[in-house]
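1. How does the following fold in three dimensions:
(one chain, ligands or ions: 1)
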Amino acid sequence: MSEHCRSDNKRYVIIGAGMSGMLAGIKLLSQGNSNFSIYEKAEKIGGTWRENTYPGLTCDVPAHSYTYSFAPNPEWSRVLAGGDEIQAYFESVEKMYKLTPYIRFNEEIESCVYQDGKYVITSKNGTTDVADFVIAATGVLHHPNIPRIAGMDTFQGDIFHSARWDHSVALDNKRVAVIGTGSTGVQIVSALSKRSARVAHFQRSPQWIRIVENRAFTEEEKAAFRNNPKLLKDIQNDKELQENIEKFSQAITDPDSPAMLEIDQEVHENLSLIKDVSLREKVTPNYRPACKRIIYSPDFYDVIQRENVDVFVGGGFEVVPNGIKTEDGRVHEFDVIVLATGFQTDKFVRPINVVGENGISLDEVWNEGPTAYLAVAVPGFPNFFMLNGPSGPVGNFSLIEIAEHQWSYIEKLIERLNSAGKSNISVKTSAYQEFEAKRVKAAKNTIFATGCQSWYLDKNGVPATWPWTRSRFFEEMSAPNFENFTIA
Ligand code: NAP
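-> This next block holds a predicted model:
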């Protein structure tokens, strides 16, 4: 870190105290800058890990990789950690880095308006703040998608979305329907199959499954991690895992690559674990593996063969007061319906009203869908940066790693600004347009564009994601092309 950045005592407002917002706060503190606030709409940190508490919640990215690089955790209990353990990890980091005094809880930001070279930020409570820099760390998957399924309002049992789990509702020995086959639905069905009387999985589109082992770390292993920082670093940067992730990113960006064909073969072979041929056929997807976010599960194919689990494929069903009526006219009775139906994924910073230069709002700029130069900046919005914003890498990566690289990029931009003795930096429209044109062209050649519906697609059916490899993203983040920015 250069002197310029260290001496930057300008005011930052960070929106959101999830994984990315905490990262920004910790990084600012490490530079000796305590002139910031993190505004958080809820009463505690954690973002997605605070909001999702469903049974079976697990991160399918290995825990030691889903960890801040600067805060390794020798205590992870399993290769893939559960949601409560991840939330506890973030809370321990909050304490360790003494971040709490900088977080303004129960403050939902409503607007963020660029005026006279600064941003005026206002919360729903009427709190205002004026900042030189705004870091939007508002997450991606936080507005539940509640579908309009025929008859849904008539249901007399309990019905709720996976991210709004009602823990007062009993599930043991109950009859539960789970609608949705994303990573969430699969994890819920696996968990409930071990405790509910009946679980019915409504799969509008079946999914391809990669089978992962989720073994527990032994006490000896954890002690070794505690006592040997190098060992802990090694597992955090596990070379084989890194190579596999890179290979996966090559596969999704080049559907005809040998890497993709290997995944293709693997998931087809996994289907043979399903003994009943009609069930196997029923759950065989009609699109290419990894076109939707591929599912990692230790046991899903065992689960759907359990005696207490039924699978219904296709979208033809309606909710009736006592259950769900399938296309064949049969009524299946349920006590609980879980909507594992995903999220509205085109929101990002919105509904916050972000207004940039010349009074233009982000909502207007994102009329056709949210995009950002290198997933970080939008022209017309000086000094406004996003962590895990639109156009970034998605698809089974560690979003912590992505956010850390994005932060180091933002840091370099601000360093340059400070060393120039100026106060505003924004990406040029021409650079953004050129980037976006290349991104869209490449996105059309990714696996996500091979003929399936998923949250990765924009409203025109084009993947809204980073279309190149993960290593290319890291390269871009390591050295900003300052010619693409206006410094004033
Ligand atoms: P999702 O992947 O968007 O899946 C939503 C599911 O709901 C799909 O199966 C979809 O069917 C179904 N659905 C939506 N509307 C429906 C309707 N009207 N009728 C019937 N089915 C309907 O959502 P998600 O499972 O919550 O996952 C979202 C993202 O969260 C993931 O992609 C991932 O990025 C993240 N996540 C990560 C982990 C992890 O372990 N790291 C775990 C959970 C979630 P169609 O496919 O037919 O549209």
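2. Count the neighbours of the spatially closest residue to residue 362 that is not a sequence neighbour for me.
-> Closest residue to residue 362 in three dimensions, ignoring its sequence neighbours and counting by C-beta to C-beta, 6 or more residues apart in numbering: residue 354, at 4.0 Å. C-beta coordinates here come from the backbone N, C-alpha and C atoms, glycine included. Number of residues near residue 354 (other C-beta atoms under 10 Å) recorded here: 26.
3. can you check residue 167 too?
-> Residues contacting residue 167 under the criterion other C-beta under 10 Å number 9.
4. same thing with residue 113?
-> Every residue meeting other C-beta under 10 Å relative to residue 113 is counted, giving 15.
5. what sits against the residue nearest to residue 362?
-> Going by C-beta atoms under 8 Å, 6 or more residues apart in numbering, residue 354 touches 111-113, 134, 136, 361-363, 381, 384.
6. Mind giving me the PyMOL command for buried ones among those?
-> The following PyMOL selection, which keeps only the buried ones among the contacts of residue 354, applies the criterion 16 or more other C-beta atoms under 10 Å:
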select buried, resi 111+112+134+136+361+362+381+384
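7. Taking the contacts of residue 354 together, which two end up most distant?
-> Farthest apart among those by C-beta to C-beta are 134 and 363. That separation is 15.8 Å.
8. residue in the stretch 151-300 of the chain nearest to the ligand?
-> With C-beta to the nearest ligand atom as the measure, the residue in the stretch 151-300 of the chain that lies nearest the ligand is residue 182; the distance is 2.1 Å.
9. Could you do the stretch 351-488 of the chain as well?
-> When you check the stretch 351-488 of the chain against the ligand by C-beta to the nearest ligand atom, the closest residue turns out to be residue 455, at 4.5 Å.
10. go on, the stretch 201-350 of the chain?
-> Using C-beta to the nearest ligand atom, residue 342 is the residue of the stretch 201-350 of the chain that sits closest to the ligand, at 2.6 Å.
11. Can you get me a residue count around the closest residue in space to that residue that isn't next to it in sequence?
-> Closest residue to residue 342 in three dimensions, ignoring its sequence neighbours and counting by C-beta to C-beta, 6+ apart: residue 145, at 4.8 Å. Neighbour count for residue 145, taken as other C-beta under 10 Å: 15.
12. Now do the phi/psi pair for residue 145.
-> The phi and psi values for residue 145, taken as degrees, to the nearest 10, are phi -90, psi 110.
13. Would you confirm that it contacts residue 346?
-> No: taking contacts as C-beta atoms under 8 Å, residue 145 lies outside contact range of residue 346: 10.7 Å.
14. near the ligand, which residues of the stretch 201-350 of the chain show up?
-> Along the stretch 201-350 of the chain, the residues adjacent to the ligand under the rule C-beta under 6 Å from any ligand atom are 204-205, 293, 315, 340-343.
15. Tell me the buried residues within the residues you listed.
-> When burial is judged by neighbour count using 16+ other C-beta under 10 Å, the buried members of these are 204-205, 293, 340-343.
16. that older thread, OK, contacts around the residue of the stretch 151-300 of the chain closest to the ligand?
-> By C-beta under 8 Å, 6+ apart, residue 182 lies in contact with 207, 292-293, 295, 340, 342.
17. Same list, those residues, but as CSV with secondary structure and distance to residue 437 please.
-> Below are the contacts of residue 182 laid out as CSV (DSSP: H, G, I helix; E, B strand; the rest coil; distance: C-beta to C-beta, whole Å):
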residue, secondary structure, distance to residue 437
207, coil, 32
292, coil, 26
293, coil, 26
295, strand, 33
340, coil, 36
342, coil, 29
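18. before we move on, the earlier item: give me the pLDDT for the residue nearest to residue 362.
-> Listed pLDDT for residue 354 reads 98.
19. Residue 5 now?
-> Model confidence at residue 5, expressed as pLDDT, equals 46.
20. Model confidence at the residue lying closest to residue 198 once chain neighbours are set aside, what's the number?
-> Once its chain neighbours are removed from consideration, residue 198 has its nearest residue in residue 175; the separation is 4.5 Å (C-beta to C-beta, 6+ apart). In the predicted model, residue 175 carries a pLDDT score of 98.
21. For residue 175, which residues are in contact?
-> Contacts here follow C-beta under 8 Å, 6+ apart; on that basis residue 175 touches 196-198, 200, 323, 333-336.
22. List only buried entries from these.
-> Buried subset of the contacts of residue 175 (neighbour count, 16+ other C-beta under 10 Å): 196, 198, 200, 323, 334-336.
23. Is the residue nearest to residue 362 located within a strand, as I assumed?
-> Yes: the assignment for residue 354 by DSSP: H, G, I helix; E, B strand; the rest coil puts it in a strand.
24. how much space is there between it and residue 369?
-> With the distance defined as C-beta to C-beta, to the nearest Å, residue 354 ends up 16 Å from residue 369.
25. and the nearest residue to residue 83 once chain neighbours are set aside, how many neighbours does it have?
-> Sequence neighbours aside, residue 57 is the residue nearest to residue 83 in space, at 3.4 Å (criterion: C-beta to C-beta, 6+ apart). Neighbouring residues of residue 57 were enumerated by other C-beta under 10 Å; the total is 23.
26. do the same with residue 38
-> As a burial measure, the neighbour count of residue 38 was computed by other C-beta under 10 Å and equals 26.
27. The one 3 residues further on now?
-> The tally of other residues near residue 41 (other C-beta under 10 Å) stands at 17.
28. And the pLDDT for the residue lying farthest from the centre of the chain?
-> Note on the chain: the largest separation between a C-alpha and the mean C-alpha position, by C-alpha atoms, centre = their mean, falls on residue 329 (37.9 Å). Looking at residue 329, its pLDDT reads 97.
29. returning to that earlier point: any chance of the buried ones among the residues of the stretch 201-350 of the chain next to the ligand in CSV, with pLDDT too?
-> CSV is the format used below for these (pLDDT from 0 to 100):
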residue, pLDDT
204, 97
205, 97
293, 95
340, 98
341, 98
342, 98
343, 97
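30. With respect to residue 249, which of those residues is nearest?
-> Nearest to residue 249 among those: residue 293, at 13.2 Å, using C-beta to C-beta.
31. Wait, a helix at residue 393?
-> No: with the criterion set as three-state DSSP, the secondary structure at residue 393 is coil rather than a helix.
32. Now for it, how many residues are close by?
-> Residues lying near residue 393 (other C-beta under 10 Å) number 25.
33. residues contacting residue 374?
-> Applying C-beta under 8 Å, 6+ apart, the residues near residue 374 are 391, 409, 435, 476-477.
34. Enumerate the residues of the stretch 1-150 of the chain near the ligand.
-> Residues of the stretch 1-150 of the chain lying near the ligand (C-beta under 6 Å from any ligand atom): 58-61, 141, 147, 149.
35. just the buried members of those?
-> If you count burial by 16+ other C-beta under 10 Å, the buried members of these come out as 58-61, 141, 149.
36. State the pair within these that is farthest apart.
-> The span of those, defined through C-beta to C-beta, is set by 61 and 149 at 30.8 Å.
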